[in-house]
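Asks: structure here, sequence nowhere to be found:
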């Protein structure tokens, strides 16, 4: 599936000398479709956003929010209709738990809720998580209102996802509630913007996102909207040759303790034939101490796709101590739009010990 490149040690404790040596399946569209939790046929899933529920008695449970298509493209929703679902790791593997946000008439996500990013809301033991997502609406049936513009790409939405119940182990006693914001929290973006990734540091939420062909970082307190950055945090060409035509799907993480916190910005880099046909895709890394100035610690990508599958979509890099893994979507058949979710990881990485993206 992937060519797993060795990683060169940098000045940080991040990706130590070693390699992503394993690449395994995580969740398939067929599994989600067979779960009985959806009212429509599920043929593709992607954009994994992974976290760990540490508030369950006696056990830490990995949870994933993902996107899936729930309606075909038409004149009102040219990209189709997309929703967010939730899966959790059980003793038998990753299992679907059903939808948490679906396209809803009259909202700014009447066509699409996709590209989720997640970070704990306050103490992780509270079992609440902030989820950001890219939204699209139906312009033809949008009613003019003061909360959002009736444009196809109104911006990024936000919801708070809460878990309750005594245990994840028995799904019959576990419930999920969501509260979606009534308006976008990042506006004035367009079609070629997406893939938000969020960490919490210094009292604010910091969001990396792609705006083809570069990467930007915006910041916000929970009670305020994100402002549009004036310039990219990382620009096309800042990488050492693996970012040929565009940077995409950034994934933020952090290491260390205050005041010496290091920020890691993993990102995809694509070489395109003619859009959207991909010749090659890689995952590189930039690091920073202030979320303003980024440098590339290694002169080669950390992952490169093999000739058999030249797609690697929707990157979500997670850390377990000094070990890292990337959850990503990829076509189950090269060249198609039907994705499943996979994971490439370093030796020693444990899904049960994923660090929360609330930076020290």
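Replies: Ah, there it is. The shown structure was predicted, so the numbers you read here are calculated from the model rather than taken from an experiment.
Asks: which stretches of the stretch 1-150 of the chain form helices?
Replies: Here the stretch 1-150 of the chain has its helices, by DSSP state H, counting those that start in this stretch, at 29-33.
Asks: tell me which stretches of the stretch 251-360 of the chain form strands.
Replies: Counting by DSSP state E, counting those that start in this stretch, the stretch 251-360 of the chain has strands at residues 260-272, 278-288, 303-305, 313-320, 323-331, 339-345.
Asks: what helices or strands is the first one leaning on?
Replies: Of the remaining helices and strands, those touching strand 260-272 by 3 or more C-beta pairs under 8 Å, 6 or more residues apart in numbering; DSSP states H and E are strand 193-201, strand 246-257, strand 278-288, strand 313-320. (Glycine included, C-beta is placed from N, CA and C.)
Asks: which residues touch the nearest residue to residue 109 once chain neighbours are set aside?
Replies: Distances taken as C-beta to C-beta, 6 or more residues apart in numbering put residue 135 closest to residue 109, at 4.1 Å, once the chain neighbours are dropped. Residue 135 is in contact with 108-109, 112-113, 153-157, 184, counting by C-beta atoms under 8 Å, 6 or more residues apart in numbering.
Asks: and what of residue 98?
Replies: 35, 37-38, 85-86.
Asks: state the pLDDT value of residue 339.
Replies: Per-residue pLDDT puts residue 339 at 94.
Asks: was I right about it contacting residue 313?
Replies: Yes: Residue 339 is within contact range of residue 313, at 6.6 Å (criterion: C-beta atoms under 8 Å).
Asks: which one of those two is surrounded by more residues?
Replies: Between residue 339 and residue 313, counted using other C-beta atoms under 10 Å, residue 339 has the larger neighbour count: 25 against 19.
Asks: what are the bridge partners for the more buried one, then?
Replies: Beta bridges link residue 339 to residue 331, judged by DSSP bridges.
Asks: okay, it and residue 243: tell me how far apart.
Replies: Counting by C-beta to C-beta, to the nearest Å, the gap from residue 339 to residue 243 is 22 Å.
Asks: equivalent analysis for residue 53, please.
Replies: With C-beta to C-beta as the criterion, residue 53 and residue 243 are 35 Å apart.
Asks: who has more neighbours out of the two?
Replies: Taking other C-beta under 10 Å, residue 53 and residue 243 do not tie; residue 243 has more neighbours (26 against 20).
Asks: residues in contact with the more buried one?
Replies: Listed by C-beta under 8 Å, 6+ apart, the contact partners of residue 243 are 236-237, 267, 269-270, 282, 284.
Asks: tell me the pLDDT at it?
Replies: Note on residue 243: pLDDT of 89.
Asks: all further residue positions should be reported with the first residue as 286.
Replies: Understood, numbering begins at 286; the last thing we discussed is residue 528.
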